[in-house]
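Enquirer: Prediction below, plus the sequence it came from.
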Amino acid sequence: MDFRGRWALITGASSGLGREMAGLLAREHGANIIAVARRADRLDELRRELEGDARVRVEPIVADLAVADDVERVIHAAAAAATGGLYAAVLNAGVTYFGDYRRLAWAEFQKMLQVNVVSTVRLATQLIEQIEKTRQGGGLMLVASMAGVTPVPYQTAYSSTKAFIVHFGCGLWHELRGRGVSVTTYAPGGIATEMTAGERFGALRRWLVPVDYAAREGVEAFRSRQYLHIPGSMNRLGLRLVRLLPQRFVTARVGAAYRRSLEMASALASEGGAGLDGSANGS
(Lines give C-alpha, C1' and ligand atoms only; values in the text may rest on other atoms or scores of the structure.)
Protein backbone atom coordinates (compact mmCIF):
# COMPACT_ATOMS: atom_id res chain seq x y z
CA MET A 1 0.00 0.00 0.00
CA ASP A 2 1.08 3.56 -0.71
CA PHE A 3 -0.37 5.97 1.85
CA ARG A 4 1.38 9.15 0.70
CA GLY A 5 -1.06 12.00 0.19
CA ARG A 6 -4.03 9.71 0.82
CA TRP A 7 -6.56 9.58 3.66
CA ALA A 8 -6.43 6.96 6.41
CA LEU A 9 -9.05 6.74 9.17
CA ILE A 10 -8.01 5.44 12.61
CA THR A 11 -10.36 4.77 15.52
CA GLY A 12 -9.10 4.93 19.09
CA ALA A 13 -6.58 7.51 17.89
CA SER A 14 -6.30 9.59 21.05
CA SER A 15 -3.91 7.24 22.89
CA GLY A 16 -2.03 3.97 22.88
CA LEU A 17 -1.76 1.87 19.73
CA GLY A 18 -4.08 4.08 17.68
CA ARG A 19 -2.14 7.24 18.39
CA GLU A 20 1.20 5.56 17.64
CA MET A 21 -0.08 4.16 14.36
CA ALA A 22 -1.46 7.55 13.35
CA GLY A 23 1.97 9.06 13.99
CA LEU A 24 3.76 6.42 11.90
CA LEU A 25 1.34 6.67 8.99
CA ALA A 26 1.64 10.46 8.95
CA ARG A 27 5.37 10.93 9.61
CA GLU A 28 6.86 7.98 7.75
CA HIS A 29 4.25 7.32 5.08
CA GLY A 30 2.83 10.79 4.43
CA ALA A 31 -0.80 9.84 5.09
CA ASN A 32 -3.51 12.37 5.90
CA ILE A 33 -5.29 11.19 9.04
CA ILE A 34 -8.94 11.07 10.05
CA ALA A 35 -8.55 10.58 13.80
CA VAL A 36 -11.55 9.22 15.69
CA ALA A 37 -11.77 9.09 19.50
CA ARG A 38 -13.81 10.29 22.47
CA ARG A 39 -11.41 12.89 23.86
CA ALA A 40 -11.42 16.16 21.96
CA ASP A 41 -8.39 17.60 23.75
CA ARG A 42 -6.26 14.57 22.87
CA LEU A 43 -7.35 14.73 19.24
CA ASP A 44 -6.55 18.45 19.03
CA GLU A 45 -3.11 17.74 20.48
CA LEU A 46 -2.55 15.00 17.89
CA ARG A 47 -3.66 17.29 15.07
CA ARG A 48 -1.28 20.08 16.10
CA GLU A 49 1.59 17.62 16.53
CA LEU A 50 1.20 15.83 13.20
CA GLU A 51 0.37 18.86 11.08
CA GLY A 52 3.45 20.57 12.50
CA ASP A 53 5.85 17.61 12.27
CA ALA A 54 4.67 15.72 9.21
CA ARG A 55 3.00 18.52 7.21
CA VAL A 56 -0.05 16.39 6.59
CA ARG A 57 -3.72 17.11 7.16
CA VAL A 58 -5.48 15.78 10.24
CA GLU A 59 -9.26 15.79 10.60
CA PRO A 60 -10.40 14.96 14.16
CA ILE A 61 -13.82 13.37 14.73
CA VAL A 62 -14.95 13.29 18.34
CA ALA A 63 -17.15 10.22 18.76
CA ASP A 64 -18.02 7.51 21.27
CA LEU A 65 -18.32 4.24 19.35
CA ALA A 66 -20.50 2.82 22.11
CA VAL A 67 -23.21 5.19 20.79
CA ALA A 68 -24.85 4.04 17.55
CA ASP A 69 -25.59 7.61 16.37
CA ASP A 70 -21.91 8.51 16.79
CA VAL A 71 -20.91 5.55 14.63
CA GLU A 72 -23.20 6.78 11.84
CA ARG A 73 -21.79 10.27 12.20
CA VAL A 74 -18.23 8.94 11.80
CA ILE A 75 -19.23 7.21 8.55
CA HIS A 76 -20.67 10.40 7.06
CA ALA A 77 -17.92 12.65 8.42
CA ALA A 78 -15.22 10.38 6.98
CA ALA A 79 -16.75 10.60 3.51
CA ALA A 80 -16.87 14.40 3.76
CA ALA A 81 -13.35 14.78 5.18
CA ALA A 82 -11.52 12.47 2.79
CA THR A 83 -11.10 14.72 -0.23
CA GLY A 84 -10.31 12.44 -3.14
CA GLY A 85 -11.78 9.49 -1.28
CA LEU A 86 -10.89 7.28 1.67
CA TYR A 87 -7.90 5.01 1.01
CA ALA A 88 -7.45 3.14 4.31
CA ALA A 89 -9.08 2.49 7.67
CA VAL A 90 -7.68 1.04 10.89
CA LEU A 91 -10.44 -0.06 13.27
CA ASN A 92 -8.54 -0.10 16.52
CA ALA A 93 -10.87 1.24 19.26
CA GLY A 94 -11.64 -1.27 21.98
CA VAL A 95 -12.87 -1.83 25.51
CA THR A 96 -11.53 -4.50 27.86
CA TYR A 97 -12.36 -5.96 31.25
CA PHE A 98 -9.95 -7.92 33.42
CA GLY A 99 -11.50 -9.70 36.39
CA ASP A 100 -14.12 -12.21 37.51
CA TYR A 101 -16.81 -12.35 34.82
CA ARG A 102 -19.53 -12.13 37.49
CA ARG A 103 -18.37 -8.61 38.37
CA LEU A 104 -18.71 -7.31 34.84
CA ALA A 105 -21.88 -5.21 34.93
CA TRP A 106 -24.39 -5.93 32.19
CA ALA A 107 -24.25 -2.33 30.99
CA GLU A 108 -20.46 -2.54 30.72
CA PHE A 109 -20.68 -5.77 28.74
CA GLN A 110 -23.16 -4.16 26.35
CA LYS A 111 -20.75 -1.25 25.91
CA MET A 112 -17.90 -3.67 25.19
CA LEU A 113 -20.01 -5.51 22.64
CA GLN A 114 -21.04 -2.26 20.96
CA VAL A 115 -17.48 -0.90 20.71
CA ASN A 116 -15.55 -4.08 19.99
CA VAL A 117 -18.04 -5.85 17.72
CA VAL A 118 -21.10 -3.89 16.58
CA SER A 119 -19.36 -0.61 15.73
CA THR A 120 -16.49 -2.52 14.06
CA VAL A 121 -18.85 -4.42 11.77
CA ARG A 122 -20.86 -1.31 10.93
CA LEU A 123 -17.76 0.79 10.22
CA ALA A 124 -16.07 -1.96 8.24
CA THR A 125 -19.13 -2.50 6.07
CA GLN A 126 -19.58 1.18 5.25
CA LEU A 127 -15.91 2.15 5.00
CA ILE A 128 -15.12 -0.72 2.64
CA GLU A 129 -17.68 0.79 0.25
CA GLN A 130 -15.95 4.17 0.52
CA ILE A 131 -12.52 2.61 -0.07
CA GLU A 132 -13.77 0.67 -3.10
CA LYS A 133 -15.19 3.82 -4.69
CA THR A 134 -11.77 5.48 -4.82
CA ARG A 135 -10.43 2.65 -7.03
CA GLN A 136 -6.98 3.21 -5.52
CA GLY A 137 -6.44 -0.30 -4.18
CA GLY A 138 -6.75 0.66 -0.53
CA GLY A 139 -7.35 -1.48 2.51
CA LEU A 140 -8.91 -2.10 5.90
CA MET A 141 -7.18 -3.30 9.07
CA LEU A 142 -9.03 -4.77 12.03
CA VAL A 143 -7.15 -4.75 15.33
CA ALA A 144 -7.98 -7.95 17.18
CA SER A 145 -5.79 -9.63 19.81
CA MET A 146 -4.04 -12.89 20.58
CA ALA A 147 -6.81 -13.15 23.17
CA GLY A 148 -9.07 -13.72 20.17
CA VAL A 149 -6.95 -16.65 18.99
CA THR A 150 -6.64 -18.42 22.37
CA PRO A 151 -9.31 -18.09 25.13
CA VAL A 152 -8.22 -15.95 28.08
CA PRO A 153 -9.98 -16.62 31.41
CA TYR A 154 -10.60 -13.47 33.48
CA GLN A 155 -10.79 -11.60 30.20
CA THR A 156 -13.47 -13.96 28.99
CA ALA A 157 -15.88 -11.43 27.49
CA TYR A 158 -13.11 -9.35 25.90
CA SER A 159 -11.44 -12.48 24.52
CA SER A 160 -14.74 -13.55 22.98
CA THR A 161 -15.27 -10.21 21.24
CA LYS A 162 -11.78 -10.37 19.77
CA ALA A 163 -12.38 -13.95 18.57
CA PHE A 164 -15.31 -12.52 16.60
CA ILE A 165 -13.03 -9.89 15.06
CA VAL A 166 -10.43 -12.51 14.04
CA HIS A 167 -13.08 -14.58 12.27
CA PHE A 168 -14.80 -11.55 10.79
CA GLY A 169 -11.58 -10.11 9.39
CA CYS A 170 -10.30 -13.39 7.97
CA GLY A 171 -13.67 -14.10 6.41
CA LEU A 172 -13.76 -10.66 4.79
CA TRP A 173 -10.29 -11.23 3.34
CA HIS A 174 -11.68 -14.14 1.31
CA GLU A 175 -14.91 -12.38 0.34
CA LEU A 176 -13.09 -9.30 -0.94
CA ARG A 177 -10.38 -11.05 -2.96
CA GLY A 178 -10.24 -9.57 -6.43
CA ARG A 179 -12.24 -6.47 -5.52
CA GLY A 180 -9.27 -4.13 -5.03
CA VAL A 181 -9.56 -3.86 -1.22
CA SER A 182 -7.24 -5.77 1.12
CA VAL A 183 -8.26 -6.80 4.65
CA THR A 184 -5.61 -7.33 7.33
CA THR A 185 -6.38 -8.72 10.77
CA TYR A 186 -3.80 -7.71 13.37
CA ALA A 187 -3.66 -9.76 16.57
CA PRO A 188 -1.01 -8.44 18.97
CA GLY A 189 -0.38 -9.81 22.42
CA GLY A 190 -0.44 -7.55 25.47
CA ILE A 191 0.70 -3.97 24.86
CA ALA A 192 1.84 -1.42 27.43
CA THR A 193 -0.93 1.23 27.08
CA GLU A 194 -3.59 2.91 29.23
CA MET A 195 -5.69 -0.24 28.90
CA THR A 196 -3.05 -2.31 30.73
CA ALA A 197 -1.83 0.32 33.18
CA GLY A 198 -3.88 -0.80 36.19
CA GLU A 199 -2.65 -2.84 39.14
CA ARG A 200 -4.49 -5.91 37.87
CA PHE A 201 -1.94 -6.29 35.10
CA GLY A 202 0.99 -5.92 37.52
CA ALA A 203 2.18 -9.55 37.48
CA LEU A 204 1.61 -9.75 33.72
CA ARG A 205 3.46 -6.55 32.85
CA ARG A 206 6.69 -8.33 31.92
CA TRP A 207 4.80 -9.90 29.00
CA LEU A 208 3.64 -6.55 27.61
CA VAL A 209 5.42 -5.16 24.55
CA PRO A 210 6.16 -1.44 24.02
CA VAL A 211 3.41 0.36 22.14
CA ASP A 212 5.80 1.80 19.55
CA TYR A 213 6.94 -1.72 18.60
CA ALA A 214 3.35 -2.97 18.31
CA ALA A 215 2.40 0.05 16.19
CA ARG A 216 5.30 -0.41 13.79
CA GLU A 217 4.51 -4.10 13.37
CA GLY A 218 0.87 -3.25 12.72
CA VAL A 219 1.60 -0.58 10.13
CA GLU A 220 4.01 -2.87 8.28
CA ALA A 221 1.47 -5.71 8.30
CA PHE A 222 -1.14 -3.32 6.91
CA ARG A 223 1.20 -1.84 4.31
CA SER A 224 2.20 -5.29 3.04
CA ARG A 225 -1.44 -6.52 3.07
CA GLN A 226 -0.95 -9.39 5.51
CA TYR A 227 -3.84 -11.80 6.08
CA LEU A 228 -3.55 -12.44 9.85
CA HIS A 229 -0.49 -10.99 11.56
CA ILE A 230 0.70 -11.81 15.07
CA PRO A 231 3.72 -9.67 16.00
CA GLY A 232 6.84 -11.08 17.64
CA SER A 233 8.67 -14.27 16.71
CA MET A 234 8.17 -15.68 20.22
CA ASN A 235 4.42 -15.06 20.03
CA ARG A 236 4.23 -16.80 16.66
CA LEU A 237 6.32 -19.71 17.89
CA GLY A 238 4.25 -19.93 21.06
CA LEU A 239 1.04 -20.04 19.03
CA ARG A 240 2.38 -22.92 16.92
CA LEU A 241 3.24 -24.84 20.09
CA VAL A 242 -0.13 -24.03 21.62
CA ARG A 243 -1.88 -25.57 18.61
CA LEU A 244 -0.10 -28.85 19.31
CA LEU A 245 -1.45 -29.02 22.86
CA PRO A 246 -5.02 -29.58 24.10
CA GLN A 247 -6.80 -26.20 24.29
CA ARG A 248 -8.14 -27.03 27.74
CA PHE A 249 -4.59 -27.44 29.07
CA VAL A 250 -3.32 -24.20 27.50
CA THR A 251 -6.32 -22.18 28.67
CA ALA A 252 -5.88 -23.52 32.21
CA ARG A 253 -2.26 -22.30 32.27
CA VAL A 254 -3.23 -18.86 30.95
CA GLY A 255 -6.08 -18.65 33.47
CA ALA A 256 -3.75 -19.53 36.34
CA ALA A 257 -1.35 -16.72 35.42
CA TYR A 258 -4.18 -14.18 35.15
CA ARG A 259 -5.71 -15.35 38.43
CA ARG A 260 -2.38 -14.89 40.24
CA SER A 261 -2.11 -11.36 38.88
CA LEU A 262 -5.60 -10.55 40.11
CA GLU A 263 -4.86 -12.01 43.55
CA MET A 264 -1.65 -9.98 43.86
CA ALA A 265 -3.47 -6.79 42.85
CA SER A 266 -6.27 -7.52 45.32
CA ALA A 267 -3.76 -8.01 48.14
CA LEU A 268 -2.08 -4.69 47.30
CA ALA A 269 -5.44 -2.93 47.17
CA SER A 270 -6.42 -4.36 50.56
CA GLU A 271 -3.21 -3.08 52.08
CA GLY A 272 -3.80 0.36 50.63
CA GLY A 273 -7.53 0.43 51.31
CA ALA A 274 -8.34 0.91 47.60
CA GLY A 275 -10.79 -0.88 45.31
CA LEU A 276 -10.15 -2.35 41.88
CA ASP A 277 -11.96 -1.68 38.63
CA GLY A 278 -11.17 -4.05 35.80
CA SER A 279 -12.66 -1.97 32.97
CA ALA A 280 -10.62 0.06 30.51
CA ASN A 281 -11.49 1.90 27.35
CA GLY A 282 -8.81 2.34 24.72
CA SER A 283 -10.68 4.80 22.51
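Expert: On my side now, so go ahead.

Enquirer: shaky segments in the stretch 101-250 of the chain?
Expert: Scanning the stretch 101-250 of the chain for pLDDT under 70 picks out 192-208, 233-238, 240-242, 245.

Enquirer: hmm, 80 instead?
Expert: For the stretch 101-250 of the chain, the stretches flagged by pLDDT under 80 are 190-209, 232-247, 249-250.

Enquirer: Do you have the helices of it handy? List them.
Expert: Here the stretch 101-250 of the chain has its helices, by DSSP state H, counting those that start in this stretch, at 106-113, 119-134, 156-175, 211-223, 233-242, 247-272.

Enquirer: Adding mean neighbour count and distance to Tyr87, write those out as a markdown table.
Expert: The C-beta positions use only the backbone N, C-alpha and C, and glycine is treated the same way. Formatted as a markdown table, the helices of the stretch 101-250 of the chain follow (neighbours: other Cβ atoms under 10 Å; distance: least, Cβ to Cβ, whole Å):
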| stretch | mean neighbour count | distance to Tyr87 |
| --- | --- | --- |
| helix 106-113 | 15 | 29 |
| helix 119-134 | 19 | 6 |
| helix 156-175 | 18 | 17 |
| helix 211-223 | 20 | 11 |
| helix 233-242 | 12 | 29 |
| helix 247-272 | 14 | 38 |
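
Enquirer: Wait, a strand at Glu59?
Expert: Yes: judged by DSSP: H, G, I helix; E, B strand; the rest coil, Glu59 forms part of a strand.

Enquirer: Quick check: the gap between it and Gln247.
Expert: 44 Å (Cβ to Cβ, to the nearest Å).

Enquirer: Show me the contact partners of stretch 65-83.
Expert: For stretch 65-83, contacts defined as Cβ atoms under 8 Å, 6 or more residues apart in numbering pick out 7, 9, 11, 32, 34, 36, 59, 61, 63-64, 86, 89, 93, 95, 111, 114-115, 118-119, 122-123, 126-127, 130, 283.

Enquirer: Quick check: buried residues in that stretch?
Expert: Within stretch 65-83, the residues scored as buried using 16 or more other Cβ atoms under 10 Å are Leu65, Ala66, Asp70, Val71, Val74, Ile75, Ala77, Ala78, Ala81, Ala82.

Enquirer: Nearest to Gly148 among the residues you listed?
Expert: Of all those, Leu65 has the smallest distance to Gly148: 17.9 Å, by Cβ to Cβ.

Enquirer: The nearest residue to the closest one once chain neighbours are set aside: what's it in contact with?
Expert: Nearest residue to Leu65, sequence neighbours excluded (Cβ to Cβ, 6 or more residues apart in numbering): Ser119, at 4.0 Å. Residues near Ser119 by Cβ under 8 Å, 6+ apart: Leu65, Ala66, Ala68, Val71, Ala93.

Enquirer: same deal with Leu25?
Expert: Contacts of Leu25 (Cβ under 8 Å, 6+ apart): Phe3, Ala8, Ile10, Ala31, Ile33, Ala88, Val219.

Enquirer: From those residues, which land in helices?
Expert: Counted as lying in helices by DSSP state H, out of these, are Val219.

Enquirer: Could you identify the most distant pair in the contacts of Leu25?
Expert: Longest span within these, Cβ to Cβ: Ile33 and Val219, 12.4 Å.
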